[in-house]
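# take a look and give me a structure for this.
(chains A and B)
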Amino acid sequence: SAVISQKPSRDICQRGTSLTIQCQVDSQVTMMFWYRQQPGQSLTLIATANQGSEATYESGFVIDKFPISRPNLTFSTLTVSNMSPEDSSIYLCSGGPMNTEAFFGQGTRLTVV
Amino acid sequence: ILNVEQSPQSLHVQEGDSTNFTCSFPSSNFYALHWYRWETAKSPEALFVMTLNGDEKKKGRISATLNTKEGYSYLYIKGSQPEDSATYLCAFQAGTALIFGKGTTLSVSS
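Purely as a prediction, here's the structure:
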């Protein structure tokens, strides 16, 4: 399967600031997904990022808080805006699944202080 | 709201022990059931993707079964090794995205 390079791997940020997470895939993928895992919780889908169109957000997530870019079929970014301590989580990007398993980045461990 | 439950939440075994985890998921709108292994600071690694009721898959010492009618899957690890220590995630696929359980964290002592 494809390989995703995700960065940064971790960061500690001040509340009120924003952080942009990048994912680079080594091959073209139609759909990319962004997940969040808050402490003690499941990986939860934030949005689906489609090339050439606006991202599709899940209930409870909004574009103003989590803007996503998908300029081409190998790259996507997620920005966590105006951060608060509740945004402290692991953020994970994913390609697929379509008919096979999904593949993931290494995750970004974010701490907001 | 679709819910995926995994049990136990965590497990500690000795090297050589065999163990198993449970994943329960909605029995309607089923497309596939995924198992992933996730070590800290690494990417989740795909173990199995199962689509058919009664499916059984095996990879080395790890195997999984699937019952879509009653909505559960079991993951088995035979003869656990310290390198098996990780969080095991199951995910239900109804459409294009995955709905994950909270995972089972396995710790294997030598």
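# hey, let's count contacts and neighbours off CA atoms from now on
Fine.
# packing partners of the worst-scoring helix or strand of chain B on mean pLDDT?
Every helix and strand in chain B was compared by mean pLDDT, DSSP states H and E; the lowest is strand B:98-100, with a mean of 93. Packing partners of strand B:98-100 (3 or more C-alpha pairs under 8 Å, 6 or more residues apart in numbering or on different chains; DSSP states H and E): strand A:43-50, strand B:86-93.
# with mean pLDDT, mean neighbour count and distance to B:Tyr36 added, can I get the ones you listed in TSV?
Shown next, in TSV, are these (pLDDT from 0 to 100; neighbours: other C-alpha atoms under 10 Å in any protein chain shown; distance: least, C-alpha to C-alpha, whole Å):
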stretch	mean pLDDT	mean neighbour count	distance to B:Tyr36
strand A:43-50	94	23	12
strand B:86-93	96	25	5
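# which stretches of chain B form strands?
B:5-7, B:10-14, B:19-24, B:32-38, B:45-50, B:56-59, B:62-67, B:72-77, B:86-93, B:98-100, B:104-109 (DSSP state E).
# turn these into JSON lines, including distance to A:Arg70.
Compiled in JSON lines, those are given as follows (distance: least, C-alpha to C-alpha, whole Å):
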{"stretch": "strand B:5-7", "distance to A:Arg70": "32"}
{"stretch": "strand B:10-14", "distance to A:Arg70": "37"}
{"stretch": "strand B:19-24", "distance to A:Arg70": "33"}
{"stretch": "strand B:32-38", "distance to A:Arg70": "26"}
{"stretch": "strand B:45-50", "distance to A:Arg70": "24"}
{"stretch": "strand B:56-59", "distance to A:Arg70": "35"}
{"stretch": "strand B:62-67", "distance to A:Arg70": "35"}
{"stretch": "strand B:72-77", "distance to A:Arg70": "35"}
{"stretch": "strand B:86-93", "distance to A:Arg70": "23"}
{"stretch": "strand B:98-100", "distance to A:Arg70": "20"}
{"stretch": "strand B:104-109", "distance to A:Arg70": "33"}
